[in-house]
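1. Just the structure for this:
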Amino acid sequence: MQLTDYLFSLPFRIVGSLLLAAVLLTTGVQALHAQGEVTFGETTFVNNFPDSLMFSSTATSTDGDIVKAELVYGVRRNLGSESRTRVAVPVEPGATVDLTYFLDTDGTTSAPSTPYFFHWRVMTEDGVVHESAEQLVRYDDSRFDWDVFAGDKVEVWTHDRNLSLGEDALAIAEEALRRQQPLFGEELAFPIRIIVYNDKDEFAAWHAVRDDAVGGQAFSDMGITTQIVDGFGSHRSWLEDVVPHEISHLYYYQVSENPSSPTPHWLNEGVAQYNEFHEHDGSVRAVRRAAEDGDLLLLTALEDGFGGDEQRFRFSYDVAVSAIVYLVETYGETGMAALLRAYQSGFVTDDAFAQALGLPFDQFQRDWISWLGVSPEQYPTPTPWPFPTPFPSPTPMVFATATPNSDGDMDSAEITPTNTPVAIAEAATATPTPSPMPLATPSPTRQSSGQEAVGIDLCGSLGLIAPLLIVGAIPVWRRKRKNMTA
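-> Numbers count the residues shown, from 1 in each chain. Below you'll find the predicted structure:
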């Protein structure tokens with residue numbers, strides 16, 4: 001028998017038919033899964049700043065009932081890593097489910113305008129996970145109707161004030177950015193939102209702990225600053241201090257942030273004081289007098305914070321800005337920029353000063369004391385002050401001329417709903433949390449369309465057909481063997 005006889009023998013035709021049937025079967029299964037999908041409705045928000053934010057939407061499945069749901073959210077950061085939190089959303093299994101999650105922020109320091117990115121995840125009864133497109137929402141302070149003054153990189157938000165306040169704040173902010181660029185050595189890479197409150201009560205309402213000594217606050221990783229500008233006296237003098245001060249903290253964060261090599265507190269606050277528009281001669285004179293009287297606070301004692309009574313607290317700012325005045329006078333703005341880059345590169349203080357300025361920190365401190373007009377030998381042993389650095393950095397209400405102080409890819413347009421989110425990175429615990437759904441690779445609009453099931457069906461189909469292939473091949477093999485041995 002010729003080879004063609006074997007190929008077109010009845011057993012081979014049977015095997016070929018079975019193979020064709022298997023291919024058609026798995027193709028049909030794949031087409032069936034590809035048609036199944038989950039669509040998500042528009043997400044709406046109920047904003048009760050500063051107490052809560054509620055997310056609501058719907059999901060509809062054509063691929064079996066939806067049996068589990070979650071909200072995945074996190075805070076968008078300008079620099080550093082971004083973490084996400086997955087929280088269970090209770091649903092009644094069905095083809096269409098309501099999705100609601102209540103984010104409780106009562107009793108927390110929830111920064112106004114915190115930017116939240118989020119998306120929904122649901123699981124259908126066949127175990128396939130679907131995800132909505134990622135969106136962005138801001139947890140704005142919904143208690144007031146805001147007037148917004150927008151520049152190229154700055155927005156100023158005010159409410160119930162003369163328009164001149166917002167216009168002045170915007171002009172000062174843009175001037176501060178121009179002045180600070182040489183000191184930091186680059187342009188600010190992210191936009192700034194400046195939110196102005198009219199009194200201490202408005203400001204304190206969204207803080208977990210009220211501190212009447214604080215007049216402003218910088219949330220550096222989000223590009224947000226908040227200030228109190230009351231209606232008494234001229235607001236411009238205060239704005240010329242507090243606005244550049246807080247912008248400095250945002251800029252400083254951009255050029256120096258490295259979790260493995262934190263910068264000293266005095267350096268951050270000293271630079272912010274230095275960037276205010278008023279002169280610093282009074283602060284330098286006060287520090288010189290204290291040095292002559294033997295009452296100087298060393299920089300080493302101010303590495304972790306400005307703790308102590310009010311007098312020490314206020315004097316700490318004078319000390320810090322005096323050191324920055326000395327640094328810039330001696331090493332120039334390029335020296336300051338180089339020092340901050342050294343921290344950003346991972347150098348700790350001694351190595352950062354040696355890398356940028358050519359001398360260890362201890363020598364820098366001794367030179368600064370000499371510049372103040374006294375012998376460094378008068379202050380041989382620094383005593384660290386055991387107070388942690390507060391974050392975000394607060395701006396004190398009091399000072400010289402009202403001097404202040406102060407972590408997946410996302411590709412979505414910002415939503416601007418009437419109500420907007422909050423700086424909480426933990427899941428609410430009011431609702432029992434069932435076991436989380438399995439992780440799956442997200443697509444821009446939803447998760448897989450049944451490819452996992454297709455893989456199983458294909459393997460199953462081949463598993464059923466494999467024995468038939470072997471049985472069908474036996475007669476052909478026997479006939480061929482007989483002819484070959486004849």
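2. can you tell me which residue is nearest the centre of this structure?
-> Centroid-nearest residue in the chain, with Cα atoms, centre = their mean: Arg77, separated by 2.4 Å.
3. That residue contacts Ser220, doesn't it?
-> No: the criterion here is Cβ atoms under 8 Å, and Arg77 misses it with Ser220 at 9.6 Å. All C-beta atoms are positioned from the backbone trio N, CA, C, and that covers glycine.
4. Kindly indicate whether the residue nearest to the centre of the chain is helix, strand or coil.
-> Going by DSSP: H, G, I helix; E, B strand; the rest coil, the secondary structure assigned to Arg77 is coil.
5. nearest residue to it other than its sequence neighbours?
-> Asp221 (4.6 Å; Cβ to Cβ, 6 or more residues apart in numbering).
6. Do I have it right that the one you found meets Tyr253?
-> Yes: shown here, Asp221 and Tyr253 form a contact pair, counting by Cβ under 8 Å, at 6.6 Å.
7. Now the common contact residues for these two.
-> Counting by Cβ atoms under 8 Å, 6 or more residues apart in numbering, the residues touching both Asp221 and Tyr253 are Leu79.
8. doesn't the residue nearest to Arg77 fall inside a helix?
-> Yes: assigned with three-state DSSP, Asp221 falls within a helix.
9. since we're on it, how many residues are nearby?
-> Neighbours of Asp221 under the rule other Cβ atoms under 10 Å: 22.
10. What's opposite Glu70 in the beta bridge?
-> Judged by DSSP bridges, the bridge partners of Glu70 are Ala88, Arg121.
11. okay, now the closest residue to Ala204 other than its chain neighbours: neighbour count?
-> Spatial nearest neighbour of Ala204, excluding adjacent residues (Cβ to Cβ, 6+ apart): Arg210 at 4.2 Å. Arg210 is flanked by 11 other residues according to other Cβ under 10 Å.
12. how far away is Tyr116 from Glu167?
-> 30 Å (Cβ to Cβ, to the nearest Å).
13. Those two: who's more crowded?
-> Counted by other Cβ under 10 Å, Tyr116 and Glu167 do not tie: Tyr116 has more neighbours, with 22 against 14.
14. Contact partners for that one?
-> By Cβ under 8 Å, 6+ apart, the neighbours of Tyr116 are 73-76, 136-139, 421-422.
15. any idea how far Thr43 is from it?
-> Taken as Cβ to Cβ, the span from Tyr116 to Thr43 is 11 Å.
16. Show me the common contact partners of these two, please.
-> Val137.
17. how does the protein divide into domains?
-> 3-36+451-485, 38-139, 147-396 (automatic domain parsing).
18. export these to a markdown table and tack on mean pLDDT?
-> Putting the domains of the chain into a markdown table (pLDDT from 0 to 100) gives the following:
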| stretch | mean pLDDT |
| --- | --- |
| domain 3-36+451-485 | 39 |
| domain 38-139 | 95 |
| domain 147-396 | 91 |
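19. Ala218 contacts Gln227, correct?
-> No: contact criterion Cβ under 8 Å: Ala218 and Gln227 do not qualify, at 9.7 Å.
20. if you count what's nearby, which of these two comes out ahead?
-> Set side by side, Ala218 and Gln227 show more neighbours around Ala218, with 31 against 25, by other Cβ under 10 Å.
21. now the more buried one, nearest residue through space, not along the chain?
-> Using Cβ to Cβ, 6+ apart, the closest residue to Ala218 is His249 (3.8 Å).
22. Quick check: which element contains the one you found?
-> Per DSSP states H and E: His249 is located in helix 235-256.
23. In terms of secondary structure, what does the helix or strand just after that helix contact?
-> Scanning forward in sequence from helix 235-256 by DSSP H and E, the next helix or strand is helix 265-274. Here helix 265-274 touches helix 235-256, helix 310-344, going by 3 or more Cβ pairs under 8 Å, 6 or more residues apart in numbering; DSSP states H and E.
24. Can you name every helix or strand that the shortest one contacts?
-> This points to helix 235-256. When contacts are defined as 3+ Cβ pairs under 8 Å, 6+ apart, helix 235-256 packs onto helix 163-184, strand 192-197, strand 214-219, strand 224-228, helix 265-274, helix 310-344, strand 394-396.
25. want to throw the ones you listed into CSV with distance to Asp65?
-> Shown next, in CSV, are the helices and strands packed on helix 235-256 (distance: least, Cβ to Cβ, whole Å):
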stretch, distance to Asp65
helix 163-184, 52
strand 192-197, 43
strand 214-219, 42
strand 224-228, 42
helix 265-274, 54
helix 310-344, 51
strand 394-396, 51
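26. nearest to Gly282, of those?
-> Closest of these to Gly282 is helix 310-344, at 8.2 Å (criterion: Cβ to Cβ).
27. Could you point out the helix or strand that follows the closest one?
-> Immediately after helix 310-344, counting by DSSP H and E, sits helix 349-357.
28. how far is that next one from where the chain is centred?
-> 29 Å (Cα atoms, centre = their mean, to the nearest Å).
29. list the buried ones in it?
-> 349, 351-354, 356-357 (16 or more other Cβ atoms under 10 Å).
30. Go through those residues and name the one nearest Thr60.
-> Ranked by distance to Thr60 (Cβ to Cβ), the buried residues of helix 349-357 are led by Ala352 at 56.3 Å.
31. can you count the residues close to the nearest residue to the closest one once chain neighbours are set aside?
-> Closest residue in space to Ala352, ignoring its immediate chain neighbours: Ala342 at 3.9 Å, by Cβ to Cβ, 6+ apart. Look at Ala342: counted by other Cβ under 10 Å, it has 23 neighbours.
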